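> I would like the atomic coordinates for the input below:
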Amino acid sequence: MKKWVKACLCGALWLVLPALADAGTAAAVDKNRRCDELFQASDAGKSHNPTDGQFTTATDSTAPWRASPSYPSAIRVGIWGDSHTASGSFVDAMMQAWGFSGEGVRAGHVQPAIGLPGVRLGIPRTCLTKGWNLNFAYRSGVQEGGFTSTLVKLKSQSSDDIVVLDFVGPDAAPAPQWLNIHFDTLDPDHPVTLGISINGSPEASAQTLDGEVRALQIVPDTEIRTLRLRLISGSLGITGFEPVYRGVPKFIVDIFSTPGAQSKGWSNQKIKPISAHYDLVIFQYGTNEAPSDSYQPEQYAGALRRELRQFRAIHPTSRCVLIGPPDRVGLMPTDKKIDYPARHQSISRVQGLVSSEYRCAYWDWQKAMGGPKSILAWANRSEPLAQADWMHLTNQGYAESARLFAASIQRPALRAK
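Modelled structure (predicted):
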């Protein structure tokens with residue numbers, strides 16, 4: 001009887017194991033289907049050359065590594081902050097108010113906050129599978145390494161996780177000539193293997209990265225319209241994408257703002273600077289610092305000094321502007337434990353005093369709106385400038401704020417690079 005049972009079990013296993021293997025393969029395919037469809041569809045209908053999918057690679061420790069151009073004739077602005085500048089509505093209106101046309105504007109360094117709602121990445125379309133996780137400097141310990149000044153890491157250790165970048169999109173944006181992908185330092189004892197394909201072509205031979213690699217450069221024979229990056233094995237942390245363009249952009253805007261962000265991300269002494277030089281850097285925080293029950297102006301001032309010291313150490317010669325929090329009024333009963341109009345006013349006063357110590361101009365957003373509780377009037381207009389949460393603005397509100405900002409702050413000028 002026992003032998004018969006064992007025979008049945010063995011037979012069943014021989015039948016089931018191939019099915020399980022097929023199910024695993026099917027699950028991996030299903031996991032990637034949405035991103036693969038984007039990758040293929042983005043290049044559908046385009047004319048292709050025989051070399052369209054061919055490319056060479058290099059790492060920052062090998063030749064032939066191409067140095068990133070400094071774009072000496074382009075004005076470059078970097079923006080770090082929270083949801084108020086993350087969506088791009090404020091930034092678009094700011095550039096327009098300064099007289100910069102939307103044409104010729106590029107993203108020079110892209111934070112890897114793919115899939116995070118409310119973030120303008122500067123890449124028309126992106127996709128990633130579910131195994132990826134976002135890590136933020138402001139949520140991490142001050143001793144945690146691996147962050148660059150994008151302040152975000154996109155991490156995975158799941159085999160077959162993929163990222164797709166569509167640089168052209170439906171609006172036919174210019175495609176980069178090559179792409180640098182920046183990493184958290186890889187573990188020398190545990191190599192990472194990647195599958196890379198571009199422009200709708202099949203995946204090339206696997207790329208293995210070992211040693212203390214911090215960046216991978218992908219240089220195609222033509223240009224990169226779409227990129228598919230697949231993690232085959234290992235643990236990978238992406239800290240940024242750097243598209244390099246054939247033509248020289250007129251204006252480069254790098255947005256590193258994320259919803260919920262706090263300036264304490266800059267207290268991390270291990271942040272590695274990205275290579276870009278900026279003609280203007282904007283430091284926009286305060287809204288997410290306000291809800292703290294332990295807020296004290298003196299303590300906040302001390303923390304802000306530490307953060308600005310680090311910020312200016314990375315950007316020592318760039319012109320600098322701090323932007324304070326816009327007005328806010330508590331909406332829910334629990335919110336009313338904090339007098340938000342007064343709290344934002346206190347934060348603005350501290351920022352105004354500390355900013356000059358680090359050679360930064362200051363723009364008081366709350367004051368520009370009309371002072372404490374002015375957001376109520378903004379929300380009650382026939383065409384509302386503030387949302388019903390009395391904290392965030394509408395697109396029109398951010399545009400109006402940007403015009404007020406541009407009228408107070410001189411437009412950036414080209415500096416020697």
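
> contacts and neighbour counts: CA atoms only from here.
Will do.

> so Arg106 is in contact with Ile255, correct?
No - the criterion here is Cα atoms under 8 Å, and Arg106 misses it with Ile255 at 10.9 Å.

> so between these two, which is more surrounded?
Set Arg106 next to Ile255 and count neighbours by other Cα atoms under 10 Å: Ile255 wins out with 27 against 22.

> Three-state assignment for the residue lying closest to the more buried one once chain neighbours are set aside, please.
Of all residues not flanking Ile255 in the chain, Ile79 sits nearest, at 4.9 Å (Cα to Cα, 6 or more residues apart in numbering). Following DSSP: H, G, I helix; E, B strand; the rest coil, Ile79 is assigned to strand.

> repeat that for Glu307.
helix.

> from Asn180, how far out is it?
The spacing between Glu307 and Asn180, counted by Cα to Cα, to the nearest Å, is 28 Å.

> more neighbours, the two?
Neighbours were counted for Glu307 and for Asn180 using other Cα under 10 Å; Asn180 has more, 23 against 19.

> quick check, that one in a strand?
Yes - the assignment for Asn180 is a strand, going by three-state DSSP.

> surely it touches Ile218?
Yes - the criterion here is Cα under 8 Å, and Asn180 meets it with Ile218 at 6.4 Å.

> helices along the stretch 51-200 of the chain, start to end?
83-86, 89-97 (DSSP state H, counting those that start in this stretch).

> for the longest one, list every residue counted as buried.
Put plainly, it is helix 89-97. 89-95, 97 (16 or more other Cα atoms under 10 Å).

> which secondary structure elements does it contact?
Secondary-structure packing of helix 89-97 (3 or more Cα pairs under 8 Å, 6 or more residues apart in numbering; DSSP states H and E): helix 395-408.

> then the helix it packs on to CSV, C-alphas only?
Taking C-alpha atoms only, helix 395-408 is exported to CSV below (Å, rounded to 0.1, in the frame of the first residue of the first chain):
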residue,chain,number,x,y,z
ASN,A,395,-2.9,74.4,-10.9
GLN,A,396,-4.1,78.0,-11.3
GLY,A,397,-3.0,78.7,-7.8
TYR,A,398,0.5,77.4,-8.4
ALA,A,399,0.7,79.4,-11.6
GLU,A,400,-0.4,82.6,-9.8
SER,A,401,2.2,81.9,-7.1
ALA,A,402,4.9,81.3,-9.6
ARG,A,403,4.1,84.6,-11.3
LEU,A,404,4.4,86.4,-7.9
PHE,A,405,7.7,84.5,-7.3
ALA,A,406,9.1,85.5,-10.7
ALA,A,407,8.2,89.1,-10.1
SER,A,408,10.2,89.1,-6.8
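
> identify all contacting residues around the helix or strand harbouring Phe241.
According to DSSP states H and E, Phe241 maps onto strand 236-244. Contact partners of strand 236-244, identified using Cα atoms under 8 Å, 6 or more residues apart in numbering, comprise 68-69, 107-112, 146-148, 150-157, 176-184, 186, 192.

> list the buried ones in it?
Of the residues in strand 236-244, 236-244 count as buried by neighbour count, 16+ other Cα under 10 Å.

> please apply the same query to stretch 402-409.
Those would be 402-406, for stretch 402-409 by 16+ other Cα under 10 Å.

> can I get the residues you listed in JSON lines with distance to Pro64 and pLDDT?
Output for the buried residues of stretch 402-409, formatted as JSON lines (distance: Cα to Cα, whole Å; pLDDT from 0 to 100):
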{"residue": "Ala402", "distance to Pro64": "43", "pLDDT": "98"}
{"residue": "Arg403", "distance to Pro64": "45", "pLDDT": "98"}
{"residue": "Leu404", "distance to Pro64": "47", "pLDDT": "98"}
{"residue": "Phe405", "distance to Pro64": "44", "pLDDT": "98"}
{"residue": "Ala406", "distance to Pro64": "43", "pLDDT": "97"}
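
> centroid residue for the chain?
Gln111 (2.5 Å; Cα atoms, centre = their mean).

> state the distance from the closest residue to that one other than its chain neighbours to Leu121.
Leaving aside its chain neighbours, Gln111 sits nearest to Gly240 (4.9 Å; criterion: Cα to Cα, 6+ apart). From Gly240 over to Leu121 the distance is 11 Å, taken as Cα to Cα.

> do Glu383 as well
28 Å.

> cool, and Lys153?
On the measure of Cα to Cα, Lys153 and Leu121 end up 14 Å apart.

> swap in Leu376?
31 Å.

> name the residue in those two with the higher neighbour count.
Set Leu376 next to Leu121 and count neighbours by other Cα under 10 Å: Leu121 wins out with 24 against 19.

> domains of the chain?
Under the assignment automatic domain parsing, the domains of the chain span 53-74+109-116+124-243, 279-408.

> could I get those domains in CSV, plus columns for distance to Asp43?
Formatted as CSV, those follow (distance: least, Cα to Cα, whole Å):
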stretch, distance to Asp43
domain 53-74+109-116+124-243, 6
domain 279-408, 32
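
> residues of stretch 182-197 that come out buried?
Quick answer for stretch 182-197 (16+ other Cα under 10 Å): 182-187, 191-197.

> which two among the residues you listed are spaced furthest apart?
Within those, Asp187 and Ser197 form the most distant pair, 24.1 Å apart (Cα to Cα).

> circling back to that earlier point, I'd say the residue nearest to the centre of the chain and Ile123 touch.
No - judged on Cα under 8 Å, Gln111 makes no contact with Ile123 at a distance of 10.2 Å.

> give me the common contacts of those two.
Residues touching both Gln111 and Ile123 (Cα under 8 Å, 6+ apart): none.

> before we move on, back to that, between the buried residues of stretch 402-409, which sits nearest Cys360?
Nearest member of the buried residues of stretch 402-409 to Cys360, counting by Cα to Cα, is Phe405, at 14.7 Å.
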